[in-house]
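Enquirer: Below is the sequence, then the predicted model.
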Amino acid sequence: MRKITNPFSHAADNGAYNCFGCSPANEHGLHLEFWEDGDELVAKWQPQNEYEGWIGVLHGGIQATLMDEAAAWLVFVKMKTSGVTSFLNVSYSKPVHISKGEITIRARLMAIEKHIASIECILQDGDGRACAKAEAGYFCFPEKIARAKYNYPGADAFTPE
């Protein structure tokens, strides 16, 4: 697996970047980091009690956020542009018990039609069981527009060698 660099993190110091999913400076955020693993983008995240819904179980909204964020980073790295969520269809099959430890989120591109990327996300609990799945639809901007209007730094910024 190859570590993905967060090219936005320098903007967190002056408060210009406060993403709930991936900003290292958001004190309430998830602080997600990503790795590239073949066709997949992977995040690992340690759940904490402040993110529970039912007692000891990770809140479903947080699960959806984790998968949505992984889909966004897949667009950055694999699609080489930026985009916005058009839809997110989540299916919860098993509870995610916080006590089981580190969660793994995997995202991969399934298809692209016009400007909509269809991305499959799987959330696994600390035992490696798939507990939730999502199909994310991302509207992807042409790279020129992503750079000019949406602060996309270019694909090379995520994987400097």
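Expert: Nice, I can see it.
Enquirer: Strands of the protein, start to end?
Expert: 2-3, 34-37, 40-45, 83-92, 103-113, 116-124, 130-140 (DSSP state E).
Enquirer: can you list the weak-confidence ranges in the chain?
Expert: 12-15 (pLDDT under 70).
Enquirer: so what's the most centrally placed residue in it closest to, chain neighbours aside?
Expert: For the chain, the residue sitting closest to the mean C-alpha position, by Cα atoms, centre = their mean, is Ala70 at 1.9 Å. In this structure, Ala70 finds its nearest non-sequential neighbour in Ala107, 4.0 Å apart by Cβ to Cβ, 6 or more residues apart in numbering. C-beta here means a position set from N, CA and C on the backbone, and glycine is covered the same way.
Enquirer: Surely that neighbour is in contact with Val75?
Expert: No. Ala107 is not in contact with Val75 according to Cβ atoms under 8 Å; the separation is 9.2 Å.
Enquirer: list the residues that contact both of those two?
Expert: Ile119 (Cβ atoms under 8 Å, 6 or more residues apart in numbering).
Enquirer: out of the two, which sits in the more crowded spot?
Expert: Counted by other Cβ atoms under 10 Å, Ala107 and Val75 do not tie: Ala107 has more neighbours, with 29 against 26.
Enquirer: Tell me the bridge partners for that one.
Expert: Leu41, Cys121 (DSSP bridges).
Enquirer: and what of Arg2?
Expert: Under the criterion used (DSSP bridges), Arg2 bridges to Glu36.
Enquirer: Looks like it contacts Gly38 (just checking).
Expert: No. With contacts counted by Cβ under 8 Å, Arg2 stays clear of Gly38, the gap being 9.8 Å.
Enquirer: more crowded one of the two?
Expert: Comparing Arg2 with Gly38 by other Cβ under 10 Å, the one with more neighbours is Arg2, at 13 against 9.
Enquirer: Return the residues in contact with the more buried one.
Expert: Contacts of Arg2 by Cβ under 8 Å, 6+ apart are 35-37, 159.
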